[in-house]
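Peer 1: return a 3D structure for these sequence lines:
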Amino acid sequence: MSSTAAETVWARRVTDGVEPKNVIIALLPLLGTLRYGPTGLGWGLFAVLFAAVLPTWFIKRGMRQGRWEDRHVGQRKRRLVVIPFIMLSVLTSLGVMVWAGAPADMTAMVVAMFAALVPIMVITVWWKVSVHTAVASGAIACLAVALGPWWLLAYPLVVAIAWSRVVLRDHTPAQTVVGALVGAVSAGLAFWFSR
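Peer 2: Below you'll find the model as predicted:
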């Protein structure tokens, strides 16, 4: 296998393995459990339903209908359909969590996810910003706020994700950097102020 072919294989593994839904599925139960034990785990799993499971169902349904070609929704204009659905789903979970009195950090995490989606949606109108790097970077920023600055040592993972997106020609380097900045700033600040 040539180095280029090997690079592509590894880039695909990173892109698919640390895609936004997988980051969310890991993040919410982890934070919930570490902060609030079994109650937090339950709320984390509830939020995962709206932030990862329902959006994944919507994307797969769209693929079956031929509306987009892959689970990463590579075409920018198609993302303008997917992102509002995800925003509505996340907002729905937020409403239920606030109404039911979910723990502060769990509600703040859902606020952070919604807050990150707003600039992503705005930028996507004219440019294909990387959702992969935005979600991973935002997740690390929120974990650092909630659990301590040692979580910032996970940022090389964002660099690996950015590398994979560029190698696969799904994004330019600039799109991955902007995604990482948007995710860290919007999610991190929203989480900080919502706790």
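
Peer 1: at the geometric centre of the protein, which residue do we find?
Peer 2: residue 135 (3.0 Å; C-alpha atoms, centre = their mean).

Peer 1: you'd agree it is up against residue 120?
Peer 2: No: using C-beta atoms under 8 Å, residue 135 makes no contact with residue 120, being 9.1 Å away. All C-beta atoms are positioned from the backbone trio N, CA, C, and that covers glycine.

Peer 1: do you know how far residue 47 is from residue 94?
Peer 2: 9 Å (C-beta to C-beta, to the nearest Å).

Peer 1: I meant to write residue 74 there.
Peer 2: Taken as C-beta to C-beta, the span from residue 74 to residue 94 is 28 Å.

Peer 1: please identify which of the two sits among more neighbours.
Peer 2: residue 94 (21 against 15; other C-beta atoms under 10 Å).

Peer 1: quick one: residues contacting that one.
Peer 2: 107, 110-111, 114 (C-beta atoms under 8 Å, 6 or more residues apart in numbering).

Peer 1: returning to that earlier point: return every residue with contacts to both of residue 135 and residue 120.
Peer 2: With C-beta under 8 Å, 6+ apart, residue 135 and residue 120 have no common neighbours.

Peer 1: which one is the residue nearest to the centre of the chain nearest to, not counting chain neighbours?
Peer 2: Nearest non-adjacent residue to residue 135, counting by C-beta to C-beta, 6 or more residues apart in numbering: residue 20, 4.0 Å away.

Peer 1: report the buried residues of the worst-scoring helix or strand of the chain on mean pLDDT.
Peer 2: None of the helices or strands of the chain scores lower by mean pLDDT, DSSP states H and E than helix 3-17, at a mean of 89. Neighbour counts over helix 3-17 (16 or more other C-beta atoms under 10 Å) mark 8, 11, 14-15 as buried.

Peer 1: which element follows it toward the C-terminus?
Peer 2: Sequence-wise, the next helix or strand downstream of helix 3-17 (DSSP states H and E) is helix 20-48.

Peer 1: and the angle from that following helix to helix 3-17?
Peer 2: 10 degrees (axes from the mean of the first three to the mean of the last three C-alpha atoms, to 10 degrees).
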